[in-house]
Structures are given as C-alpha cells and as structure tokens.
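In: Quick one, structure for this:
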Amino acid sequence: MSTRPRTAGKLPLTELADVKRRGEKIVMVTAYDYPSGRLADSAGIDVVLVGDSAAMTVLGHDSTVPATMDDMLVLARAAARGAERPLVVADMPFGSYQVSDEDAVRNAVRFVKEADVDAVKVEGAGPTLSRVRALVGAGVPVMGHIGLTPQSATMLGGYRAQGRTARKAQELVDDGLALEAAGCFSIVLECVPSAVAARVTGALTIPTIGIGAGPDCDGQVLVFHDLLGLYEGRSPRFVKRYADLYTVARDALERYAEEVRRGAFPEEAHTYAMPEEELTLFRTSA
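Out: Just a heads-up that it's a prediction; the model follows:
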C-alpha cells in the first residue's frame with residue numbers, strides 16, 4: 001500500500017481512477033463555507049464535499065431533506081472560494097433531481113456555473129441511473145451514493161446500516177456497477193458492512209469513498225463538524241472525533257462573557273487612540 005503525498009495543485013478528476021489503481025487513499029471531508037473550505041485546502045484534503053448534511057450541521061434541521069437549491073448554492077459558492085486546491089463536489093439536494101432528467105441537468109448546471117464546483121453528487125441507483133446518464137451527457141461529472149441514502153432514509157427504515165443480508169448486499173454490488181456504467185466517476189458507500197464495501201470496491205474500476213463502510217474503500221469521508229467535535233452529544237458509530245472544538249469554543253465564549261461583565265475587556269491594547277492635540281480640541285469643543 002503506497003501513500004500519496006498531498007499534491008501542490010488540484011487533483012484532476014480524471015486521475016482518481018489512477019489513484020485507485022495505485023492503491024493510494026483518497027481523503028474527502030465536507031465543508032459548508034469559506035473558512036471550512038480554506039481549512040480543508042490548507043490541510044491537504046483531496047476532495048471537498050459541500051454536503052446537504054449542512055441542513056443539520058449548519059441550518060439546524062433534523063434531516064437533510066429541507067436543504068434547498070438556494071441554500072446549497074450559497075454554501076457551495078463560499079466553500080469553493082476557500083477550497084482552491086481540492087476537487088469540490090456539491091450535493092444535489094432532495095427535490096433538485098428526483099422529478100426529471102431535465103430538472104437534474106438544469107440544477108446541476110447551476111452548481112457548475114454559479115458555484116464553480118467541479119462535480120455534483122446524487123443518491124441512489126434505480127431511477128437515478130437515468131439522471132446520472134443525463135448529467136454526464138450534459139458534461140457534468142457525477143459522484144454516486146449508495147447504501148444509507150439520507151434523503152430517502154424514511155423509506156430505508158431510518159438511519160441504519162444497509163446491505164446486511166446476502167440479497168441486499170448483492171443489490172449494492174449491482175447498484176455500484178450500474179452507477180459506474182452510467183458514468184459516475186466515484187461512489188460514496190455509506191453505512192454498509194465492511195465485507196460488502198470491500199466487494200463493491202473490488203468490483204468497480206472507479207474509486208469508492210466510504211463513510212461507515214470499513215477500511216477497504218478507496219477513500220474516506222467524514223462530516224466536518226463530526227470529526228472536529230463541533231457539537232455536544234453522541235456521534236454516529238462510524239465517526240472518529242479528532243478534536244473537541246465545541247468545548248474549546250464554549251470555554252472561549254464563557255471567558256469573553258465573564259471579562260465583558262466585569263469590565264476586563266476591552267483593554268487598552270484593544271482600543272484606538274487619537275492625537276493628543278485633536279483630543280484636546282475635541283474635549284474643549286463641547
């Protein structure tokens with residue numbers, strides 16, 4: 001297993017399959033604004049996903065479904081400005097591609113033209129295959145997404161692992177192959193058993209990006225707020241928290257509030273002065 005160093009320039013989308021063939025891992029993380037895009041860029045992340053998870057992490061909803069095209073375009077524009085080196089992929093929100101191929105192409109083109117993203121991501125196979133073919137035919141690169149698909153979580157019985165029977169596992173393999181044939185350049189596998197993800201990964205020539213899908217995927221993705229610990233409470237099983245920034249930020253805010261209330265902030269170092277003669281003139285002019 002080789003380790004690919006961070007690149008100086010943007011990783012060409014067309015080279016992702018070569019990265020897979022070389023046995024190198026692809027690193028993807030979500031970002032929703034300019035600061036998170038810049039952090040991902042500075043850290044050497046390969047792919048930034050402007051996820052519709054923003055509906056929960058940024059906008060305060062209980063699921064991804066309420067995210068709108070207007071919401072996602074604002075977030076994608078900001079993240080793309082910050083993420084100059086990584087590939088930027090925008091999630092197509094629920095309702096933006098399910099109705100027709102025409103809707104899918106129209107909305108995907110908006111992401112490319114208005115938000116300057118490199119590609120879009122769509123969930124599911126089945127009817128989604130037609131959308132993928134239409135998007136690729138229109139010149140828009142597409143990342144697929146199978147396993148737990150949050151936009152249709154209700155139909156899947158909630159936020160739970162998928163492909164846990166032999167029949168369902170084979171369906172995931174078949175869906176992955178169908179998405180590859182339809183033109184996807186990569187596929188996200190979410191919340192599926194490691195053995196199933198390994199089978200899908202081995203069956204495809206395009207890379208798989210896992211989230212809760214074990215170590216054998218060609219890359220991994222985590223949600224920005226999950227891996228940095230930017231909220232209280234339990235994380236999903238598949239999350240590793242690399243920091244506890246919620247506590248750091250809360251403590252900083254508490255110290256700020258305490259200093260303001262006792263008059264310790266601002267200090268002289270945080271204030272502006274004026275020339276003494278102007279100050280004298282100002283005081284005597286009243």
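In: C-alpha from now on. contacts and neighbour counts both.
Out: Noted.
In: Can you tell me the closest non-neighbouring residue to the residue nearest the centre of the chain?
Out: Centroid check for the chain by Cα atoms, centre = their mean gives Thr30 as the closest residue, at 2.4 Å. Closest residue in space to Thr30, ignoring its immediate chain neighbours: Leu49 at 4.5 Å, by Cα to Cα, 6 or more residues apart in numbering.
In: Sketch out the low-pLDDT regions of the stretch 1-150 of the chain for me.
Out: For the stretch 1-150 of the chain, applying pLDDT under 70 flags the ranges 1-8.
In: contacting residues around His225?
Out: 57, 231 (Cα atoms under 8 Å, 6 or more residues apart in numbering).
In: Could you look up the SS state of it?
Out: The three-state label given to His225 by DSSP: H, G, I helix; E, B strand; the rest coil is helix.
In: in the one helix or strand Ala76 maps to, what's buried?
Out: Element membership of Ala76 [criterion: DSSP states H and E] is helix 69-82. For helix 69-82, a neighbour-count test (16 or more other Cα atoms under 10 Å) marks 69, 72-73, 75-82 as buried.
In: per-domain residue ranges of the protein.
Out: Per the record, the chain has its domains at 13-243, 248-284, by automatic domain parsing.
In: Would you point to the one among those domains that's packed deepest?
Out: Compared across the domains of the chain, domain 13-243 shows the largest average neighbour count, a mean of 20 (mean count of other Cα atoms under 10 Å).
In: how close does Gln151 get to Ala104?
Out: 15 Å (Cα to Cα, to the nearest Å).
In: An error on my part: the question was meant for Asp218.
Out: From Asp218 over to Ala104 (counting by Cα to Cα), the distance is 27 Å.
In: all helices for the chain, in order.
Out: Using DSSP state H, the helices found in the chain span residues 16-21, 34-42, 54-57, 69-82, 101-115, 128-137, 166-182, 194-203, 224-227, 245-261, 276-284.
In: and of those helices, who's closest to Glu267?
Out: Checking the helices of the chain against Glu267 by Cα to Cα gives helix 245-261 as the closest, at 10.1 Å.
In: For that closest one, list the C-alpha coordinates in PDB.
Out: In PDB, the C-alpha atoms belonging to helix 245-261 read as follows (Å, rounded to 0.1, in the frame of the first residue of the first chain):
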ATOM      1  CA  LEU A 245     -13.800  22.200  19.400                       C
ATOM      2  CA  TYR A 246     -17.200  22.600  20.900                       C
ATOM      3  CA  THR A 247     -15.700  22.600  24.400                       C
ATOM      4  CA  VAL A 248     -12.900  24.900  23.200                       C
ATOM      5  CA  ALA A 249     -15.300  27.400  21.600                       C
ATOM      6  CA  ARG A 250     -17.700  27.300  24.600                       C
ATOM      7  CA  ASP A 251     -15.000  27.900  27.100                       C
ATOM      8  CA  ALA A 252     -13.700  30.900  25.000                       C
ATOM      9  CA  LEU A 253     -17.200  32.400  24.800                       C
ATOM     10  CA  GLU A 254     -17.600  31.900  28.600                       C
ATOM     11  CA  ARG A 255     -14.300  33.700  29.300                       C
ATOM     12  CA  TYR A 256     -15.300  36.500  26.900                       C
ATOM     13  CA  ALA A 257     -18.700  37.000  28.600                       C
ATOM     14  CA  GLU A 258     -17.100  37.000  32.000                       C
ATOM     15  CA  GLU A 259     -14.500  39.600  31.100                       C
ATOM     16  CA  VAL A 260     -17.100  41.900  29.500                       C
ATOM     17  CA  ARG A 261     -19.300  41.700  32.500                       C
END
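In: follow-up on the earlier one: tell me the bridge partners for the residue nearest to Thr30.
Out: Following DSSP bridges, Leu49 is listed with bridge partners Thr30, Val89.
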